[in-house]
Structure formats: structure tokens, C-alpha cells
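Asker: Turn this into a model:
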Amino acid sequence: MLDTTPQEVAKLGGAVAFSLLAISVIAFLKKFNLIYQAKHPVDTKSTRNGGEIVAEVLKAHGVEFIFTLCGGHISPILVSCESQGIQVVDTRHEATAAFAADAVSRLSGTVGVVAVTAGPGLTNVVTAIKNAQMAESPVLLLGGAAASLLKGRGALQDIDQLSLFKSTCKYTTTVTSVRDIAPTLRKAISIAQSGTPGPVFIEFPIDTLYPYHMVHKEVGVKKDPKGLVQRVVNWYLNNYVSDLFAGAWDSRPVAPLPVNIPYATDKQVQKCVELVSRAKKPVILLGSQVTLPPTSSSQLVHALENLGIPCFLGGMSRGLLGRSSRLQMRQRRREALQGADLVILGGAVCDFRLGYGRSLSKSSKIIAVNRDKGQLMKNSDMFWKPKLAVVGDPADLIVRVSKALPDNTYSSDWLQTLRDNDNEKEATNLEMSSEPTGDLVNPIRLLHRLEEEGLEDQSILIADGGDFVATAAYTLRPRGPLCWLDPGPFGTLGVGGGFALGAKLCRPQSDVWIIYGDGALGYSIVEMDTFRRFKTPVIALVGNDACWSQIAREQVPMFKSNVACSLEYTAYDEVATGFDAVGIKLTQSSDRAIDEAFKKAKRESENGKSVLINALIGKTDFRKGSISV
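Answerer: Numbers count the residues shown, from 1 in each chain. Purely as a prediction, here's the structure:
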């Protein structure tokens with residue numbers, strides 16, 4: 001054992017004590033961010049608020065609309081957006097606001113933005129945000145929250161909001177200081193648009209949005225503290241507010257960050273070229289991903305026409321090739337897939353829509369391309385195997401393959417066979433439009449007349465419903481790219497009002513038609529008020545069969561009961577008039593009666609009025625055997 005003098009022990013003890021003190025001081029300074037505050041003192045006289053920074057960032061990202069249902073937690077965001085020239089559009093339900101933001105994201109090429117208040121405001125958008133996730137829509141959700149200091153202490157509308165959206169959003173975070181607002185927003189928007197697009201959520205505690213003097217007042221600092229404990233509490237509260245606002249108004253970047261998009265490698269493109277060049281009976285299935293930026297619709301259409309391969313379009317890709325392309329097939333897809341020797345899944349997914357992969361032939365070579373690896377390989381462990389699987393942008397791959405294949409080599413007989421099958425099925429469907437439906441309107445006839453006489457070249461179709469909308473999907477032909485909006489694979493009812501609102505704002509010169517089932521209409525008929533207030537006239541065509549028919553079609557024959565499936569032939573046209581819209585009741589299947597209703601609807605819409613056509617429809621066997629699960 002070493003000999004140590006008392007002086008040396010004392011000296012060593014002093015050094016240890018000093019080190020511990022230094023560590024404690026550093027930890028104290030770091031915990032309470034005192035060094036940063038010293039370098040960036042708070043401007044206690046400033047009347048600026050965090051909402052101004054939110055608006056500046058959104059403006060720099062090209063955001064034109066923010067959808068909302070107002071609440072005290074988010075007022076600074078809304079007022080500041082208005083000051084920046086961003087149109088604030090308030091709806092009658094938060095879900096509608098989120099659906100409208102979804103539609104804008106699909107049609108504008110940038111993020112759609114929705115801002116809602118804390119607690120119930122956020123819980124009311126859960127379904128809409130999940131729908132955006134599954135539809136791969138880049139939506140920015142801004143939510144109010146209780147002050148950080150009061151979280152978990154019983155504040156008004158205080159719940160664990162981040163956990164609520166963790167599974168539905170690509171990125172969730174809470175802002176902890178005003179200086180973090182701009183970088184957090186920029187990061188979130190970039191993430192929303194990168195890779196597989198999807199929603200992101202930023203929570204704004206109320207004290208990060210309001211001005212310093214209001215937050216300082218509300219935090220409860222005593223003017224004349226009594227005793228040591230009260231002085232310590234006062235210091236803590238003052239430091240809390242100072243840290244919130246330290247460096248708040250320093251200049252920071254607000255411009256967009258780069259968006260990261262996966263692309264096929266040159267080797268993968270070459271492999272795809274080789275497979276396509278050897279195919280004799282190829283088919284392309286396109287999904288919604290092909291409509292995403294940066295590849296334009298015109299580039300993709302040119303590539304598809306150059307390749308000359310028969311196409312089936314699904315989701316947002318409906319309308320990509322116009323109304324009557326020689327390449328687009330709409331009917332008897334399963335037969336085409338079984339006869340093809342090569343199938344290109346361009347953003348199409350082997351989920352329930354393709355029988356989990358069972359719709360594909362075992363003998364076909366499959367090229368699958370998708371930005372999302374999970375979607376790319378879905379069910380490939382069970383029912384199908386890709387010859388080539390590419391994690392990348394499908395539209396970009398098709399364009400690059402087209403450039404490498406100036407001439408197609410497959411047999412023209414193949415295209416004609418599919419066209420003949422398509423025409424045969426179309427003729428059968430048309431025959432069903434003449435079948436009697438008693439005193440009610442034949443829904444197939446109604447939709448055929450809309451297709452032939454109602455729709456203009458720039459019309460946008462919004463799909464919101466079950467049985468009637470599914471019939472419309474086989475009957476109506478969107479006129480161009482991004483002229484068809486449906487919920488996507490989540491199958492959400494209630495999207496109609498929000499989608500139509502967003503679409504009309506993005507394309508004010510286009511007729512916007514909502515194809516409603518009477519069940520789905522109940523979710524958003526109140527938004528007729530929003531259409532009136534924001535001068536966004538739309539036309540709603542309601543297939544009113546007084547029933548949840550998509551469910552009843554299977555439930556009744558299987559279980560001999562229509563329990564919970566029956567509705568009434570409600571006078572929805574009269575409901576619409578209560579919101580200063582024009583209501584039209586249609587009860588006749590004659591071409592003349594139907595055409596007159598459509599002409600009146602378009603005339604009133606041109607005059608700035610929203611219109612609801614309440615078509616009382618009968619039953620047909622058009623969708624007999626369809627399954628609702």
C-alpha cells in the first residue's frame with residue numbers, strides 16, 4: 001500500500017470535489033440550455049409568434065391552401081397563413097379537411113396541408129390520415145397540443161397524440177421551442193415526399209405558437225415571490241419561457257430540402273428491356289404511383305404509346321391514357337393476365353385487388369416495380385414470384401425502357417384479342433342498362449348517360465361509395481390524367497366532400513363530379529355549406545337505392561337478413577337546398593329525363609351553384625357475386 005500524506009489526500013479530495021462540481025455545473029447549464037440562451041437572448045418586446053414561421057415555411061414550399069377546422073391551439077398558424085396569402089379553407093368536419101389536403105397533394109405535386117386543434121380535433125382525422133398513408137399521399141398534418149409544461153397534468157384536450165399517429169405517419173414529432181419550427185417543418189415535408197410518399201405529423205404545443213408576452217403571462221410567474229421555494233419555481237418558469245423563445249427570430253433557411261426518390265439501376269433497366277423485347281403477349285398494370293412527380297403524365301403517356309403494350313389502369317392512374325386509347329383495356333383483366341407471357345406491375349400491388357397474386361399466371365414472367373419494398377414483394381412468398389423486382393419509381397422505369405425500345409416486337413393479334421374481349425364485355429354491360437328497374441332509375445343507364453352526355457373533357461370524377469361507385473368504375477371513362485380520385489386500397493367512405501373541395505380549388509375551371517352512394521353521402525353532405533362559402537361549386541350525383549347495397553348483396557342471400565343494411569329514399573335534394581345548393585330529384589330512366597338533369601346541373605354549376613342530383617335507383621345484377629370483404 002502506498003504511503004500518502006494527509007496533505008495529499010486533502011489535495012486529491014479537493015480535485016475530485018472540484019471535478020464533480022464542474023460536471024454538475026456543466027450538466028446544469030446543459031439541462032437548462034443556459035449557454036444557448038446567453039448567446040441568443042430573448043426579445044421580450046417582440047409581438048411575433050410561432051405561427052408566422054409556420055406560414056413562411058409553407059409559403060416557401062409552394063403551399064397554396066391549408067385546410068382546417070378552427071381551434072384556439074392553432075389560431076396563430078391560421079392567421080399567419082392568411083397574412084402570407086395562403087388560402088385558409090375551413091370545413092365542417094376535420095376529416096373533410098384532411099381529405100381535401102389529400103386531394104391537393106395528389107393534384108398539385110406538393111404536400112397537402114391540414115391543421116387541426118388538439119385532442120378531438122386530431123382524433124377526428126385518424127381515419128383520413130390512415131387513408132392518406134395507404135394511398136401514398138404526402139399530407140402534412142399540423143396539430144395543436146397542450147403546453148409542454150402542462151402535458152400529463154390534466155390540461156384541456158391533452159392526450160398522447162404522437163402515439164396516436166406513430167403507426168400511420170412516416171414521421172411524427174413535437175416542437176419544443178420556437179427556433180425549431182422551421183427546421184422541423186422542412187424535414188417533415190421532405191420526408192413526406194421522399195421514397196414512398198405518405199403523411200407526416202408535427203405537434204405544436206400551444207406555447208410554441210403564441211407571442212412571448214402571452215406565454216410569459218400564462219405560465220404563472222409570480223411578481224413578488226415569497227420564500228426560497230417560490231423563488232426557485234419562478235426561476236424555473238422564467239427559464240422555461242426564455243428557452244422556448246431563445247433564438248426564435250434568428251434568420252433560418254425556409255426553402256425546401258431535397259426529396260429522395262428511388263430509381264431503377266441501369267442494370268435493372270437493361271434486364272427489363274430484354275424481357276420486354278422477347279415478350280409476345282405483354283400486359284402492363286399501372287397503379288397510383290405512376291402519377292407521382294417528378295415524371296410528368298405527358299412523358300409517361302408518350303412512353304406507353306411508344307411501347308404499345310396493352311394497359312390496365314387502377315387507382316389514380318385511371319384516365320392517364322384519356323377516354324378511348326387503343327392501348328387501355330377496362331374489362332376481363334383476369335383473362336388477360338392468365339394469357340400474358342409478361343406482366344409489368346407498375347406500382348400495382350398483389351393485394352386483394354389482384355387476388356393476393358393469384359390473378360397472375362404461373363407461366364408469366366413478372367416485372368414488379370414499386371417505390372416501397374414491402375408493397376413490391378407483397379404475397380410473393382405465397383402465390384407469385386417476380387422475375388425482376390425493382391425498388392424504384394415505376395413511371396421513370398417505363399420511360400427509360402421505352403427509350404431503349406423504339407419498336408415493339410409483340411404480335412398485333414394479342415392487342416386485338418384483348419380489344420375484342422373488352423368490347424364484348426362493354427356491349428354486355430350496355431345491354432344491362434336497358435333492363436327494367438320498375439319505377440326507379442336503372443343505375444347503369446344513368447351512368448352511361450353521364451359518360452356520353454354529362455362529362456366534359458376536363459371533368460374530374462370523385463368516387464365515394466360502394467355498390468354504385470363500383471358500377472361507375474366500370475362505366476365511366478376519366479377524360480385525362482389525374483381526373484379520377486378514389487380513396488385507394490383502404491376503401492374509406494366519406495372522402496367525397498373533401499376530395500371535391502381540394503380538386504375544385506386546384507382546378508377551378510374543371511367540372512367536379514362526386515359519384516356518391518347514398519350511404520357514403522351521409523358523411524359529407526354538410527360540406528355543401530363549405531362549397532357555398534368558398535365558391536367552389538361541385539355536382540353530386542347520388543345513386544340512392546335506400547340501402548348499403550354492397551353489404552346487402554352478399555349478406556341477404558347468405559344469412560337471409562338485411563339487418564343494418566336498409567336506409568330510406570331520403571330527399572337528399574331537399575337537404576342540399578338548405579345549404580343554398582340546387583337539388584334535383586331524378587326518378588325516370590328515360591334518356592331525356594336523365595340528360596335534362598345533367599344539363600341543368602352543369603348550367604347551375606357554371607352559375608356558381610353546387611348541385612345535388614338525387615337519383616332514386618333500382619336494383620340490377622351488374623355486380624352479382626361481388627364480395628365486400
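Asker: Leaving out chain neighbours, which residue sits closest to N124?
Answerer: In space, N124 comes closest to E94 once its chain neighbours are excluded; the distance is 3.9 Å by Cβ to Cβ, 6 or more residues apart in numbering. Heads up, the C-betas are built off the backbone N, CA and C, glycines and all.
Asker: so V104 sits right up against F65, yeah?
Answerer: Yes - contact criterion Cβ atoms under 8 Å: V104 and F65 qualify, at 5.9 Å.
Asker: shared neighbours, these two?
Answerer: The contact sets of V104 and F65 overlap at G112, V113, G502, L505 (Cβ atoms under 8 Å, 6 or more residues apart in numbering).
Asker: Now intersect the residues you listed with the helices, please.
Answerer: G502, L505 (DSSP state H).
Asker: Output the shared contacts of V104 and F65 in CSV; the columns should cover neighbour count.
Answerer: What follows is those, written out as CSV (neighbours: other Cβ atoms under 10 Å):
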residue, neighbour count
G112, 31
V113, 28
G502, 30
L505, 21
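Asker: Which pair of the shared contacts of V104 and F65 spans the longest distance?
Answerer: Using Cβ to Cβ, those span at most 12.3 Å, a distance reached by V113 and L505.
Asker: so which of the shared contacts of V104 and F65 would you say is closest to S194?
Answerer: S194 lies nearest to G112 out of the shared contacts of V104 and F65, by Cβ to Cβ, at 15.8 Å.
Asker: if I look at L521, how far off is T570?
Answerer: Going from L521 to T570 by Cβ to Cβ, to the nearest Å gives 9 Å.
Asker: repeat for K271
Answerer: Using Cβ to Cβ, K271 is found at 57 Å from T570.
Asker: again, but for P310
Answerer: Relative to T570, and taking Cβ to Cβ, P310 is found at 43 Å.
Asker: Compare these two and say which is more crowded by neighbours.
Answerer: A count of neighbours by other Cβ atoms under 10 Å puts P310 above the other of P310 and T570, at 24 against 16.
Asker: Torsion angles phi and psi at A115?
Answerer: Main-chain dihedrals, A115, degrees, to the nearest 10: phi -120, psi 130.
Asker: still on that earlier bit, wait, the residue nearest to N124 touches V116, no?
Answerer: Yes - between E94 and V116 there is a contact at 4.8 Å, judged by Cβ under 8 Å.
Asker: Overlap in contacts, those two.
Answerer: Common contact partners of E94 and V116 (Cβ under 8 Å, 6+ apart): L69, L122, N124, V125.
Asker: Most neighbours of all these, which one?
Answerer: That'd be V125 among these, by other Cβ under 10 Å, with 30 neighbours.
Asker: Distance check, the spatially closest residue to it that is not a sequence neighbour against R533.
Answerer: Nearest residue to V125 in three dimensions, chain neighbours excluded: A98, at 4.3 Å (Cβ to Cβ, 6+ apart). Counting by Cβ to Cβ, the separation of A98 from R533 is 18 Å.
Asker: For G287, list the residues it contacts.
Answerer: Here G287 is in contact with G314, G315, M316, S317, L345, G346, G347, A348, V349, P394 (Cβ under 8 Å, 6+ apart).
Asker: Pull out the buried residues from those.
Answerer: Burial by neighbour count, 16 or more other Cβ atoms under 10 Å: within the contacts of G287 this picks out G314, G315, M316, S317, L345, G346, G347, A348, V349, P394.
Asker: From the residues you listed, which land in strands?
Answerer: Per DSSP state E, strands hold the following members of the buried ones among the contacts of G287: L345, G346.
Asker: Among the buried ones among the contacts of G287, give me the pair with the biggest separation.
Answerer: That would be M316 and L345, which, of the buried ones among the contacts of G287, are the farthest apart (Cβ to Cβ) at 15.5 Å.
Asker: For the stretch 51-200 of the chain, which segments count as helices?
Answerer: 75-83, 94-108, 120-123, 126-135, 161-165, 181-193 (DSSP state H, counting those that start in this stretch).
Asker: Show me the one of these that comes nearest P256.
Answerer: Counting by Cβ to Cβ, P256 lies closest to helix 181-193 out of the helices of the stretch 51-200 of the chain; the figure is 6.7 Å.
Asker: List the pairing partners of the helix or strand that that closest one is followed by within its sheet, with orientation.
Answerer: Using DSSP states H and E, the helix or strand that directly follows helix 181-193 along the chain is strand 200-205. Applying DSSP bridges, strand 200-205 is found paired with strand 139-145 (parallel), strand 171-174 (parallel).
Asker: With mean neighbour count and mean pLDDT added, can I get the ones you listed in TSV?
Answerer: Listed next are those as TSV, based on neighbours: other Cβ atoms under 10 Å; pLDDT from 0 to 100:
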stretch	mean neighbour count	mean pLDDT
strand 139-145	28	97
strand 171-174	18	98
